[in-house]
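Novice: 3D model of this:
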Amino acid sequence: MKKVLLYFFLFCFCISSSQSIYDEWNDPNGKYSKGFNHKNYYSLVGDVKEVEIVSETNFNVDSTNKIISSKHKREFNHNGYLLKEYSAQQDDSLFLNKQNTFDNKDNLLLKSEYAIRWIWIKDSMVSTNEINSYQEKYTYNSENKLLTKYQKTNKQKAFYISERYSYKNGKLFKKENLNNHIDTNISSVAMCKGNGYYLNDFVTEYEYNKSGYLANTKTFIDTLQSVRYRDTLVTVHFRDTIIKNLKTSIPTIREDRKLDFSNFILEYEDQFQYDKQNRMISEKTINHYNSYHSEREIIYDYFGNKKQKTLRKPKNGFVSGNLNQYIIIKKDTLLHKTWYFNKKEGEKKLNTEYFYNLDGSFKKNSYSNNEISRVQFYNTRKHLIEERDLRNNTSRQINYKYDNNDNFIEKITLQNGSIKEKITRKISYY
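Specialist: You can find the predicted model right below:
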């Protein structure tokens, strides 16, 4: 039974969720390439040089309290970009997990990730002295826009091309996603081929309207060299053995200087429409090849600059979506926001309700079957300070201590009055 559960976990681990079509592709040199490497991602403010985080979680196992402790350390450059990230091992020594190299314009040049290799001995997983590695390197044009992304693991001898970008008039014109069949996972004994969304290589072309906003994308997919994971079981290497693999051959690596798109066909396209204020009001997907992407249209409505209504209209089935209702006092001060969710056309189901105070603190009510199920309170820093679950009559309180830069240095979570978790952060500044 344990092995069955483990195989299921590994299979789920291999399948990752897809990203939104309209997601920073207009600016590949923005959050897409380095947003997760910035101090803002970790909710840090000020000229942070280094932060060391120690977490202690209290678990109740067989009526016995056990504390599980973890430690992380992150180092940042002067502009707040992550240089190194460490995690503690069983002997409390720090292991380098991530390392980034930037140029003088904070363009990410080299990204490296490391993981200790584990093996399975009888019924236990034990670590080895071997280190698995994954690396990405990037090149940019004179306008600091991303041109190419190369990657490799310790299983490959040399870097191979992963993504390539082309521009016209300063805007992204084409993005090529290549060599998606190559195994890139290094974090466990499960080695998965593909990223869980495509095993195929694909190319996306971008068109813009007269105002310079993205109007249309067309995605062309390779039909010869590789197959979708939906057509086959994900390849999982376990104990150096392939459990299941229905693929008959592994495609060769596409080289940067030798790319052949003769077998690519148009699979689907996305069309975007905007109002006079250049706010997106419609996002429509049209399938040309198969139904892997369900054909649908998303319609947006606005209250001022705030997105008020999002309706999803699939080709077949009910219209569903989200509806935000706002109450505004003074000019731009939000007092009350209500979020509804439509299971089907004509139904309005209360989902979330917000009550804002003038100092920036607020209360959030969550609903189940149109009845309040959870109440949460946030302080002026938008940190959760109290949560009440009305379904099982439980509560937790969160207490913070802050330094002079408004970064919290201690966070204690109490579950029904007992300490559940304690996080301490030691922060140094430039």
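Novice: List the beta-bridge partners for the nearest residue to Q89 once chain neighbours are set aside.
Specialist: Once flanking residues are discounted, Q89 sits nearest to F95: 5.2 Å by Cβ to Cβ, 6 or more residues apart in numbering. Any C-beta I mention is one placed from the backbone N, CA and C, and that applies to glycine too. Following DSSP bridges, F95 is listed with bridge partners S87.
Novice: Please verify my assumption that F95 contacts E85.
Specialist: No: checked against Cβ atoms under 8 Å, the pair F95 and E85 is beyond contact range at 10.0 Å.
Novice: before we move on, back to that, quick one, what contacts the residue nearest to Q89?
Specialist: 86-89, 114, 116 (Cβ atoms under 8 Å, 6 or more residues apart in numbering).
Novice: shouldn't L311 be in contact with R296?
Specialist: No: using Cβ under 8 Å, L311 makes no contact with R296, being 10.2 Å away.
Novice: about what we covered before: find the pair from the contacts of F95 with maximum spatial separation.
Specialist: A88 and Y114 (14.4 Å; Cβ to Cβ).
Novice: Strands along the stretch 301-430 of the chain, start to end?
Specialist: Applying DSSP state E, counting those that start in this stretch to the stretch 301-430 of the chain gives strands spanning 306-314, 320-329, 333-342, 349-356, 362-368, 371-378, 384-389, 394-402, 408-415, 418-429.
Novice: between the ones you listed, which one is nearest to N278?
Specialist: Proximity to N278, assessed across the strands of the stretch 301-430 of the chain by Cβ to Cβ, is greatest for strand 306-314 (13.8 Å).
Novice: what helices or strands is the closest one leaning on?
Specialist: Judged by 3 or more Cβ pairs under 8 Å, 6 or more residues apart in numbering; DSSP states H and E, strand 306-314 is in contact with strand 296-303, strand 320-329.
Novice: and those, which one is worst for confidence?
Specialist: Comparing mean pLDDT across those, the lowest value falls on strand 320-329: a mean of 67.
Novice: any idea how far E353 is from D91?
Specialist: Going from E353 to D91 by Cβ to Cβ, to the nearest Å gives 49 Å.
Novice: okay, the two: which has more neighbours?
Specialist: Taking other Cβ atoms under 10 Å, E353 and D91 do not tie; E353 has more neighbours (18 against 5).
Novice: Report the beta-bridge partners for the more buried one.
Specialist: Residues in a beta bridge with E353, per DSSP bridges, are T338, N365.
Novice: hang on, isn't it packed against T338?
Specialist: Yes: with contact defined as Cβ under 8 Å, E353 and T338 form a contacting pair (4.9 Å).
Novice: Just list whatever residues bridge to S428.
Specialist: Taking DSSP bridges as the rule, S428 bridges to E50.
Novice: and it, what does it touch?
Specialist: Shown in contact with S428 (Cβ under 8 Å, 6+ apart): 48-51.
Novice: which residues does the closest residue to T101 other than its chain neighbours bridge with?
Specialist: Nearest residue to T101 in three dimensions, chain neighbours excluded: L110, at 4.2 Å (Cβ to Cβ, 6+ apart). Following DSSP bridges, L110 is listed with bridge partners T101, K137.
Novice: where's L110 relative to Y134, distance?
Specialist: Note on L110: its distance to Y134, by Cβ to Cβ, is 12 Å.
Novice: So the two - more neighbours on which side?
Specialist: Y134 (20 against 13).
Novice: Do I have it right that the more buried one meets T153?
Specialist: Yes: counting by Cβ under 8 Å, Y134 touches T153, with 4.9 Å between them.
Novice: Overlap in contacts, these two.
Specialist: Common neighbours of Y134 and T153 (Cβ under 8 Å, 6+ apart) are 184, 186.
Novice: Was I right to think T285 contacts E297?
Specialist: Yes: contact status for T285 versus E297: in contact at 7.4 Å, counting by Cβ under 8 Å.
Novice: So what's the gap between stretch 40-53 and the chain middle?
Specialist: Put simply, stretch 40-53 sits 20 Å off its chain's centre (Cα atoms, centre = their mean, to the nearest Å).
Novice: Between its first and last residues, what's the separation in it?
Specialist: By Cα to Cα, to the nearest Å, the extent of stretch 40-53 from end to end equals 16 Å.
Novice: List of residues touching it?
Specialist: Residues from elsewhere that reach stretch 40-53 (Cβ under 8 Å, 6+ apart): 35, 39, 71-76, 78, 80, 405-407, 423-430.
Novice: The same query, at a cut-off of 6 Å, please.
Specialist: By Cβ atoms under 6 Å, 6 or more residues apart in numbering, the residues outside stretch 40-53 that reach it are 39, 72-76, 405-407, 425-430.
Novice: and of these, the nearest to F272?
Specialist: K39 (32.2 Å).
Novice: The closest residue to D389 other than its chain neighbours and E353: what is the separation?
Specialist: Nearest residue to D389, sequence neighbours excluded (Cβ to Cβ, 6+ apart): R374, at 5.4 Å. Taking Cβ to Cβ as the measure, R374 falls 11 Å from E353.
Novice: Surely S320 touches R312?
Specialist: Yes: at 5.3 Å, S320 counts as touching R312 under the criterion of Cβ atoms under 6 Å.
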